[in-house]
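Trainee: Structure, please.
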Amino acid sequence: MTDAQETAADTPLRTTGGAPPDDDGSSAAGAPIPLLEPREGIPPVITDEAGLAEVIAAFAAGRGPVAVDAERASGYRYGQRAYLVQLRREGAGTALVDPVACPDLSGLGEALAGTEWVLHAATQDLPCLREIGMTPDRLFDTELAGRLAGFPRVGLGAMVESVLGFVLEKGHSAVDWSTRPLPEPWLRYAALDVELLVDLRDALEKELDRQGKLEWAHQEFDAIASAPPPEPRKDPWRRTSGMHKVRRRRQLAVVRELWQTRDRIAQRRDVSPGKVLSDGAIVEAALALPADAHALAALPGYGHRTGRRQLEQWQAAVDRAKALAESQLPQQGQAVAGPPPPRAWADKDPAAAARLSAARTAVSALAEQLNMPQENLVAPDTVRRICWEPPKAVDAESVAAALAGYGARPWQVEQVTPVLVGALSA
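Mentor: Just a heads-up that it's a prediction; the model follows:
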């Protein structure tokens, strides 16, 4: 551990509200200040090409990092598309852009090429921003920065309050952002979400530098910015809530048929799948294997509000699953690459189970010493894989190579290699 990290471990972070930090990183104690209005007021929502061109010109001429946020309509609409994009940059002010009216924001993305984007929980917003042509070259993730710096609460509101001493109103985070026109209180909330994001970034940069972790953070941010889009999830129907109750292959087939039918309907209607049919209702039908629509109607989730045509379409999905040949039924467990679940290790390979226990203990102790969550120090799956199949020669070089091969960043390799070598050699 470096001197800076030893100092950080001995110095508790400020996690109570107060005034914004002074230039030297200190802050005056005091009650948090409610942030009620954007400093330039609520900007108009950009809904046409002329307005978008003005925003592009303004932000291209702006200075410093650009704060970026996106609002989705999770729970209301199908998919994770953006329904509002918020930006703020010194010299350009705040902009609210409607990506439904202006679906191609690649010109805005190009205008910000080379500029550092400041996002909170970047991996949540980057997929929907990528869909509309906005992808950063460089970024600073304030949530991830908070995790690396050891803050116990890393939501945007909690971070703004604990670091800058302001209270953000968070009452509209789960509303239906596909609503048009968007109500003024929602627009105020959206503008305030980027109001202090660059200020938060600057304060966290100072804190990470003080702790000797700034280079670590830069490596993490670069990894997010350069990561390719995730692969489509295989067999997404297996993530249906309550699947642990479904134990027979025929029942699994019912879950699959109902899930896929629901997904097609939800996509066609552009509504959240849960508004078409609940996960609980899918599992109930799979367990019961109803003989007809009348029997289906008696199950939880298919009550009096379910119309006859709807019941018939759900029963048709059940019947398709019941008619499948044995060879067409899904397998109980999903084939996964890598080691088995840790709970099975003691029976399958007691030595590997002992290695994993020692490694988890050592990684936990190091994470506590560095004042950060274990999963940010090293991915738990990486530790499992190395413990299940350790290098033939357990030494610093081979363990470091294994960590790097599983995607660990250089700072993680440097910190974790010694403790894994010790755990694997014990």
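
Trainee: I'd guess residue 70 is in a strand, am I close?
Mentor: Yes. Assessed by DSSP: H, G, I helix; E, B strand; the rest coil, residue 70 belongs to a strand.

Trainee: beta partners for it?
Mentor: Counting by DSSP bridges, residue 70 is bridged to residue 85.

Trainee: quick one: it and residue 395, what's the gap?
Mentor: 46 Å (C-beta to C-beta, to the nearest Å). Where you see a C-beta, it was placed from the backbone N, CA and C, and this is true even at glycine.

Trainee: before we move on, what about residue 201?
Mentor: Counting by C-beta to C-beta, the gap from residue 201 to residue 395 is 40 Å.

Trainee: just residue 172 next, same as before
Mentor: Distance from residue 172 to residue 395, by C-beta to C-beta: 54 Å.

Trainee: With neighbour numbers in mind, choose between residue 70 and residue 395.
Mentor: residue 70 (27 against 12; other C-beta atoms under 10 Å).

Trainee: Would you work out how far apart the start and end of stretch 163-180 are?
Mentor: Using C-alpha to C-alpha, to the nearest Å, the end-to-end distance of stretch 163-180 comes to 34 Å.

Trainee: Give me the mean pLDDT for that stretch.
Mentor: Across stretch 163-180, the average pLDDT comes to 90.

Trainee: List the buried residues for that stretch?
Mentor: 163-168, 172, 175, 177-178 (16 or more other C-beta atoms under 10 Å).

Trainee: Save these as JSON lines, and put in distance to residue 216 and secondary structure too.
Mentor: Converted to JSON lines, the buried residues of stretch 163-180 look like this (distance: C-beta to C-beta, whole Å; DSSP: H, G, I helix; E, B strand; the rest coil):
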{"residue": "163", "distance to residue 216": "19", "secondary structure": "helix"}
{"residue": "164", "distance to residue 216": "23", "secondary structure": "helix"}
{"residue": "165", "distance to residue 216": "26", "secondary structure": "coil"}
{"residue": "166", "distance to residue 216": "27", "secondary structure": "strand"}
{"residue": "167", "distance to residue 216": "30", "secondary structure": "strand"}
{"residue": "168", "distance to residue 216": "27", "secondary structure": "strand"}
{"residue": "172", "distance to residue 216": "34", "secondary structure": "coil"}
{"residue": "175", "distance to residue 216": "36", "secondary structure": "coil"}
{"residue": "177", "distance to residue 216": "34", "secondary structure": "coil"}
{"residue": "178", "distance to residue 216": "38", "secondary structure": "coil"}
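
Trainee: Of those, which is the nearest to residue 34?
Mentor: The closest of the buried residues of stretch 163-180 to residue 34 turns out to be residue 167 (C-beta to C-beta; 4.7 Å).

Trainee: For the closest one, list the residues it contacts.
Mentor: 17, 32-35, 157, 160-161 (C-beta atoms under 8 Å, 6 or more residues apart in numbering).

Trainee: Reformat these as a markdown table; add secondary structure, neighbour count and distance to residue 404.
Mentor: Listed next are these as a markdown table, based on DSSP: H, G, I helix; E, B strand; the rest coil; neighbours: other C-beta atoms under 10 Å; distance: C-beta to C-beta, whole Å:
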| residue | secondary structure | neighbour count | distance to residue 404 |
| --- | --- | --- | --- |
| 17 | coil | 20 | 41 |
| 32 | coil | 17 | 43 |
| 33 | strand | 15 | 45 |
| 34 | strand | 10 | 47 |
| 35 | strand | 19 | 43 |
| 157 | helix | 17 | 37 |
| 160 | helix | 28 | 36 |
| 161 | helix | 21 | 38 |
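
Trainee: Identify the farthest-apart pair in those residues.
Mentor: The widest separation within those (C-beta to C-beta) is 13.2 Å, between 33 and 157.

Trainee: CA atoms only for stretch 141-158, dumped as PDB, please.
Mentor: The C-alpha trace of stretch 141-158 is given here as PDB (Å, rounded to 0.1, in the frame of the first residue of the first chain):
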ATOM      1  CA  ASP A 141     -18.400   7.900 -13.500                       C
ATOM      2  CA  THR A 142     -19.300   9.700 -10.300                       C
ATOM      3  CA  GLU A 143     -21.000   6.600  -8.800                       C
ATOM      4  CA  LEU A 144     -18.000   4.400  -9.500                       C
ATOM      5  CA  ALA A 145     -15.700   7.100  -8.200                       C
ATOM      6  CA  GLY A 146     -17.800   7.100  -5.000                       C
ATOM      7  CA  ARG A 147     -17.400   3.400  -4.600                       C
ATOM      8  CA  LEU A 148     -13.700   3.500  -5.100                       C
ATOM      9  CA  ALA A 149     -13.400   6.300  -2.600                       C
ATOM     10  CA  GLY A 150     -15.300   4.300   0.000                       C
ATOM     11  CA  PHE A 151     -18.500   6.300   0.300                       C
ATOM     12  CA  PRO A 152     -21.200   4.100   1.900                       C
ATOM     13  CA  ARG A 153     -24.100   5.600  -0.200                       C
ATOM     14  CA  VAL A 154     -23.400   6.300  -3.800                       C
ATOM     15  CA  GLY A 155     -26.800   7.300  -5.300                       C
ATOM     16  CA  LEU A 156     -26.600  10.700  -7.000                       C
ATOM     17  CA  GLY A 157     -28.700  12.400  -4.300                       C
ATOM     18  CA  ALA A 158     -26.600  10.900  -1.500                       C
END
